[in-house]
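> Below are the sequence and a predicted model; questions follow.
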Amino acid sequence: MGTPLKVLIVEDSNDDAVLLVRELRRAGYDPTFEQVDDAEGMKAALAKEAWDVITCDFSMHPFDGMAALELLRESGLDTPLIIVSGTIGEDTAVAALHAGAADFLVKGNLLRLRPAIERAMREAATRVARREAEAALSASERRMNCLWNSGIVGISIADEKGKLYEANPAFLSMVGREPSSLDTLTWTDILPPEFAESRAAAGEELRRTGHTHPTELEVVRGDGSRVPALIAAATLSPTRNIVISLDQSDRQRLEDQYRRAQKLEAVGRVVGGVAHEFNNLLSVILGYADLVLGGLPAHDPLRHDIAEIKTAGTHAADLTRQLLGFGRQQVIQPENLHLNNVVTGMERMLKRLLGAEVMLSLSLDPQLASVRADSGHMQQIVLNLAVNARDAMPHGGRLMIETANATLDAEYARTHAGVTPGPYVKLTVSDQGEGMDAATQSHMFEPFFTTKERGKGTGLGLWVVFGIVQQNGGHMTVRSARGKGTTFDIYLPRAEGVTADAQPPSTPEAIGGNETILLVEDDDQVRAVARGILRRVGYNVLEAPNGGEALLICEKHSSKIDLLLSDLVLPHMNGRELAERLAKIRPDMRVLYMSGYTDDEVVREGVLNADVAFLQKPFTPDSLARKVRDVLG
């Protein structure tokens with residue numbers, strides 16, 4: 001069995017073609033062949049088959065060997081073509097070789113046929129391999145150039161002693177140097193002294209293995225500042241190494257943001273739990289204080305003392321409300337609203353708050369989109385930031401409040417932890433005050449951190465603002481410098497729809513009644529004061545410490561129960577679950593929830609809709625009685 005060989009025979013003599021095939025077999029080949037004798041036939045044959053070799057008669061009419069060589073060149077194929085002719089002069093043979101022929105043979109002397117074919121195929125294979133290598137090298141160079149100029153990865157070339165010879169723009173930008181500095185720059189200049197041991201270890205690893213593992217280090221910029229970087233190196237040649245550097249500033253900033261968010265979230269959970277307990281206690285304190293005041297004569301000297309107790313309790317309730325707002329454990333009742341309405345509604349109050357020395361300027365976008373938020377929360381954000389701005393401008397200045405529509409893109413989200421790309425409403429509050437240095441800014445959102453004198457600040461203002469923004473799915477940034485004022489940018493997700501101007505809730509003339517109320521509260525003291533308040537204004541009160549007993553009461557009580565007044569957080573069965581179960585057996589019973597805060601995730605996410613009645617603890621006798629009357633209608 002001979003060597004397989006696919007041959008395209010360009011020949012107008014059938015006899016000569018038969019002789020050529022016979023000679024191929026004699027030379028040890030097992031040929032697969034096709035014979036053509038014109039340009040169209042050769043084009044078709046080249047298109048349908050990959051040939052190992054082409055043999056071509058030089059003297060044909062009108063299609064000859066030179067025309068065949070031209071057609072082969074135009075096809076782009078590198079199949080070797082051997083001229084086989086009856087008579088061919090030396091000049092013609094040379095011209096054919098210059099035109100691309102691999103060899104030429106005389107038909108009467110085909111002894112060199114096999115060596116000619118082998119050499120032609122070998123040279124063709126070499127050319128193909130060379131072109132593939134050149135193409136691979138070119139592609140590699142393009143990739144390297146793309147990486148070199150990407151602006152993402154710092155690349156530098158240095159010798160074994162650390163002397164730099166080349167560096168791309170990303171590397172020079174990271175280390176804060178100009179290209180001219182490469183004449184004298186070394187890695188000793190770039191790495192701080194405390195990393196000398198790490199550099200020595202990396203050098204030893206490089207000599208031993210030809211590469212180093214990525215190591216987190218710091219590099220010194222030209223201005224003396226430092227940048228965290230991930231650095232690895234590999235050997236290029238006996239005298240040159242390539243060093244890859246990645247700036248880790250963005251990653252470190254995101255990690256710092258994440259750690260700070262985790263810390264604040266943990267603190268929020270702790271203080272939220274404490275605040276919940278305080279709200280129960282304050283409900284008792286404020287409730288009994290009001291009840292005692294209501295029973296004392298107008299000129300009783302104890303009235304002043306009891307009123308002071310009530311005032312202190314009210315202040316404590318305000319403080320716990322701020323703590324709950326930050327810990328995202330306050331039940332909110334969001335609505336579609338315009339921040340423009342919030343700001344303009346507070347304008348008169350803000351001017352009184354800021355005083356004559358501080359000028360208030362508003363720049364509100366008339367095309368501002370709405371947001372889905374609790375209006376009280378938004379007022380608290382504006383108020384807290386305004387108070388901080390006033391205190392930062394003891395000698396006067398200007399407070400600017402601006403609103404605008406904004407879009408945060410994926411690139412912004414990549415460098416700011418927790419941000420979801422999309423459309424937002426932007427609230428900007430800026431002042432011309434003293435500003436904050438970097439150290440102050442790193443702590444400004446921590447609870448109880450304040451730069452004010454003792455007794456002049458709780459350190460909760462920014463903490464609460466940060467918590468409200470987070471609770472509403474928003475984002476907050478700060479720009480500040482000593483002597484250059486401070487600007488807070490708050491981004492809140494846009495909401496669909498437009499809010500009508502808010503109308504003050506109607507106040508019922510009567511705050512009592514004779515309906516039957518099922519009171520469910522697990523705190524004995526809170527339940528006792530609520531029971532006393534409700535009975536004092538005429539209601540019939542059934543009470544239970546938990547959901548299970550409440551269900552038993554509903555099963556046994558034969559008369560109508562007009563209202564379920566339940567704490568949201570109850571053991572074993574929360575208030576919402578209790579209301580859903582009771583709705584099946586008493587569908588006409590109305591529901592009023594109360595709580596200092598709730599751990600129910602559905603409620604924390606704001607699913608208590610505007611049409612769900614809710615009473616925030618701590619309550620007073622008046623607020624409880626009015627809310628109950630309002631729900632009962």
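Alright, I've got the coordinates. Numbering: from 1, shown residues only.
> Could you list the low-pLDDT ranges of the protein?
Where the chain drops to pLDDT under 70, the residues are 1, 257, 260-261, 263-273, 275-276, 318-333, 439-461, 496-510, 597-611.
> which residue is nearest the middle of it?
Per Cα atoms, centre = their mean, the C-alpha nearest to the average position across the chain is that of Ala413, at 4.0 Å.
> Just the element for that residue, please.
Using DSSP states H and E, the element containing Ala413 is helix 410-414.
> C-alpha coordinates for that helix, PDB please?
Output of helix 410-414 as PDB, limited to C-alpha atoms (Å, rounded to 0.1, in the frame of the first residue of the first chain):
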ATOM      1  CA  ALA A 410     -23.100  50.400  36.900                       C
ATOM      2  CA  GLU A 411     -19.700  52.100  37.100                       C
ATOM      3  CA  TYR A 412     -20.800  54.200  40.100                       C
ATOM      4  CA  ALA A 413     -22.300  51.100  41.800                       C
ATOM      5  CA  ARG A 414     -19.000  49.200  41.300                       C
END
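> returning to that earlier point: distance of the residue nearest to the centre of the chain from Ala229?
24 Å (Cβ to Cβ, to the nearest Å). Quick note: C-beta positions are derived from backbone N, CA and C, even for glycine.
> just Ala47 next, same as before
From Ala47 over to Ala229 the distance is 56 Å, taken as Cβ to Cβ.
> correct me, but Leu383 touches Val343?
No. Counting by Cβ atoms under 8 Å, Leu383 sits too far from Val343 to count as a contact (10.9 Å).
> between those two, who's got more neighbours?
Legend: neighbour count by other Cβ atoms under 10 Å for Leu383 and Val343, higher for Val343 (21 against 16).
> Quick check: nearest residue in space to that one, chain neighbours excluded?
Ile401 (5.6 Å; Cβ to Cβ, 6 or more residues apart in numbering).
> can you confirm that neighbour is in a strand?
Yes. Counting by DSSP: H, G, I helix; E, B strand; the rest coil, Ile401 is located in a strand.
> Just to check, it is in contact with Met378?
No. In this structure Ile401 lies outside contact range of Met378 using Cβ under 8 Å: 11.9 Å.
> Most remote residue from the middle of this protein, which is it?
By Cα atoms, centre = their mean, the chain has its most distant residue from the centre at Gly108, 79.8 Å.
> per the record, what domains does the chain have?
Here the chain is described, according to automatic domain parsing, as comprising the domains 3-130, 154-247, 255-326, 339-495, 516-632.
> would you turn those into JSON lines with distance to Cys146?
JSON lines is the format used below for these (distance: least, Cβ to Cβ, whole Å):
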{"stretch": "domain 3-130", "distance to Cys146": "24"}
{"stretch": "domain 154-247", "distance to Cys146": "11"}
{"stretch": "domain 255-326", "distance to Cys146": "29"}
{"stretch": "domain 339-495", "distance to Cys146": "20"}
{"stretch": "domain 516-632", "distance to Cys146": "45"}
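> and of those domains, who's closest to Glu141?
Proximity to Glu141, assessed across the domains of the chain by Cβ to Cβ, is greatest for domain 154-247 (13.9 Å).
> For Leu164, which three-state class applies?
Counting by three-state DSSP, the backbone at Leu164 sits in strand.
> So what pairs up with it in the strands?
Beta-bridge pairing for Leu164 (DSSP bridges): Ala158.
> Could you report the neighbour count for it?
Count around Leu164 with other Cβ under 10 Å applied: 23.
> quick one: Gly28 and Arg114 touch, right?
Yes. The pair Gly28 and Arg114 passes the contact test of Cβ under 8 Å, sitting 6.5 Å apart.
> Checking my notes, Pro541 in a helix, right?
No Pro there; residue 541 is Val. No. Per three-state DSSP, Val541 lies outside any helix segment and is strand.
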